[in-house]
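S.K.: the following block contains a protein sequence and its predicted model.
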Amino acid sequence: MKKWWLFPLVVILGIIGMATVSVSYPTAKNQTFQIGEKLRYRVTYGVMDAGEAVLEVKSTAKKPQGRELVHVVATGKTLGGFNAIYKVNDVYESYIDKKGAFPWEFNRDVNEGGYVIKQNYVFNQHKQQVKTEKGDINVPIGIQDMISSFYHARTLDFKNLKVGDIVEFQCFMDGEIWPLKIKYVGKDDITIRKGKFKCLKFVPVVQKGRYFKSEEDVNFWVTDDDNKIPIYVKAKIPVGVVKLHLVEWEGLRNPISKIK
């Protein structure tokens with residue numbers, strides 16, 4: 001199993017007359033996304049459009065520990081008749097370090113069929129702690145949240161991937177640390193509503209106790225270009241198949257790998 005990035009050590013320095021802490025943060029080579037990027041996805045169930053998800057990268061004046069950030073806002077909602085069956089109205093926000101592609105703050109405000117979740121996590125990366133409603137939790141430096149994981153993964157080097165290689169990093173979700181692992185399956189051309197694209201195909205490495213039982217239950221395709229955008233996801237669920245596909249984009253940093 002390859003390690004695609006390493007959590008650096010926290011370096012403690014003694015200064016005459018006082019003690020200070022200097023933190024060596026993880027770095028990321030971001031040539032994939034930028035402020036102004038907007039991705040719009042449609043969620044389909046069978047032949048019907050069931051929902052929509054939008055991810056936007058915005059600027060922010062927040063600078064924790066003097067670090068420059070980008071503000072990512074992700075929204076999800078049901079469409080049409082699905083609102084009467086199971087209405088979803090979700091908002092996620094992540095404030096992501098520009099140089100390290102890790103979060104400093106995460107907000108979650110979701111309402112899914114009347115099931116409401118509100119979360120605010122402050123990632124004190126310099127202390128290796130996450131401040132939650134239930135107290136401070138110790139975490140590795142550079143740990144991700146649910147939204148920053150999407151952008152952090154796009155900064156990883158996919159060029160030398162071999163079939164079967166596993167990409168792994170850690171994510172803080174619902175008060176716990178979760179290892180996220182995805183396995184590279186190979187190159188593939190995928191056709192969606194917006195055309196045909198050159199892609200890299202991945203599957204999650206399924207872990208005991210998780211919702212999906214088999215790696216074949218979920219497949220996703222990422223554009224084989226410098227944007228590395230997840231363009232199509234197919235997931236088997238007990239009552240059928242749910243698909244998510246990119247229908248609109250703007251503000252991309254690089255040309256997209258569209259064939260036709």
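M.R.: The structure has been received and is ready for your questions.
S.K.: secondary structure class for the residue nearest to residue 23 when sequence neighbours are not counted?
M.R.: Excluding the flanking residues, the one nearest residue 23 by C-beta to C-beta, 6 or more residues apart in numbering is residue 126, at 4.6 Å. Using the backbone N, CA and C atoms, a C-beta is placed for each residue, glycine as well. Here residue 126 is recorded as helix under DSSP: H, G, I helix; E, B strand; the rest coil.
S.K.: you'd agree residue 126 is up against residue 65?
M.R.: Yes: in this structure, residue 126 is within contact of residue 65 by C-beta atoms under 8 Å, at 5.4 Å.
S.K.: which neighbours do those two share?
M.R.: Here residue 126 and residue 65 have residue 23 as joint contacts, going by C-beta atoms under 8 Å, 6 or more residues apart in numbering.
S.K.: what's the helix or strand harbouring residue 232 packed up against?
M.R.: For residue 232, the host element (DSSP states H and E) is strand 230-237. Counting by 3 or more C-beta pairs under 8 Å, 6 or more residues apart in numbering; DSSP states H and E, the packing neighbours recorded for strand 230-237 are strand 176-192, strand 195-204, strand 218-223, strand 240-250.
S.K.: show me the contact partners of it.
M.R.: Applying C-beta under 8 Å, 6+ apart, the external contacts of strand 230-237 come out as 150, 190, 192, 197, 199, 212, 216-223, 241-246.
S.K.: just the buried subset of these, please.
M.R.: Taking 16 or more other C-beta atoms under 10 Å as the criterion, what is buried in the contacts of strand 230-237 is 150, 190, 192, 197, 199, 217-223, 242-246.
S.K.: ranges for the helices of the stretch 51-200 of the chain?
M.R.: Secondary structure of the stretch 51-200 of the chain by DSSP state H, counting those that start in this stretch: the helices cover 82-86, 148-154.
S.K.: show me how far the longest one is from its chain's centre.
M.R.: In terms of C-alpha atoms, centre = their mean, to the nearest Å, the gap separating the centre of helix 148-154 from the centre of its chain is 4 Å.
S.K.: dump it to PDB, restricted to CA.
M.R.: Extracted in PDB, the C-alpha atoms of helix 148-154 (Å, rounded to 0.1, in the frame of the first residue of the first chain):
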ATOM      1  CA  SER A 148     -12.100  18.800   2.400                       C
ATOM      2  CA  SER A 149     -11.500  15.100   1.600                       C
ATOM      3  CA  PHE A 150     -13.000  15.700  -1.800                       C
ATOM      4  CA  TYR A 151     -10.500  18.500  -2.600                       C
ATOM      5  CA  HIS A 152      -7.500  17.000  -0.800                       C
ATOM      6  CA  ALA A 153      -7.800  13.800  -2.900                       C
ATOM      7  CA  ARG A 154      -7.700  15.900  -6.000                       C
END
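S.K.: ok, residues contacting it?
M.R.: Contacts with helix 148-154, where a contact means C-beta under 8 Å, 6+ apart, come from 28, 32-33, 55, 57, 72, 94, 96, 101-103, 106, 144, 167, 169, 171, 180, 182, 227-230.
S.K.: switch to 7 Å and redo it
M.R.: Helix 148-154 is contacted from outside by 28, 32-33, 72, 94, 96, 101-103, 144, 169, 171, 180, 228, using C-beta atoms under 7 Å, 6 or more residues apart in numbering.
S.K.: I'd like those residues as JSON lines, with distance to residue 118, pLDDT and neighbour count appended.
M.R.: Below are those laid out as JSON lines (distance: C-beta to C-beta, whole Å; pLDDT from 0 to 100; neighbours: other C-beta atoms under 10 Å):
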{"residue": "28", "distance to residue 118": "29", "pLDDT": "93", "neighbour count": "21"}
{"residue": "32", "distance to residue 118": "30", "pLDDT": "96", "neighbour count": "22"}
{"residue": "33", "distance to residue 118": "27", "pLDDT": "97", "neighbour count": "25"}
{"residue": "72", "distance to residue 118": "18", "pLDDT": "98", "neighbour count": "25"}
{"residue": "94", "distance to residue 118": "15", "pLDDT": "98", "neighbour count": "28"}
{"residue": "96", "distance to residue 118": "21", "pLDDT": "98", "neighbour count": "29"}
{"residue": "101", "distance to residue 118": "26", "pLDDT": "97", "neighbour count": "26"}
{"residue": "102", "distance to residue 118": "23", "pLDDT": "98", "neighbour count": "27"}
{"residue": "103", "distance to residue 118": "17", "pLDDT": "98", "neighbour count": "30"}
{"residue": "144", "distance to residue 118": "20", "pLDDT": "97", "neighbour count": "26"}
{"residue": "169", "distance to residue 118": "26", "pLDDT": "90", "neighbour count": "23"}
{"residue": "171", "distance to residue 118": "19", "pLDDT": "95", "neighbour count": "19"}
{"residue": "180", "distance to residue 118": "23", "pLDDT": "88", "neighbour count": "17"}
{"residue": "228", "distance to residue 118": "31", "pLDDT": "97", "neighbour count": "21"}
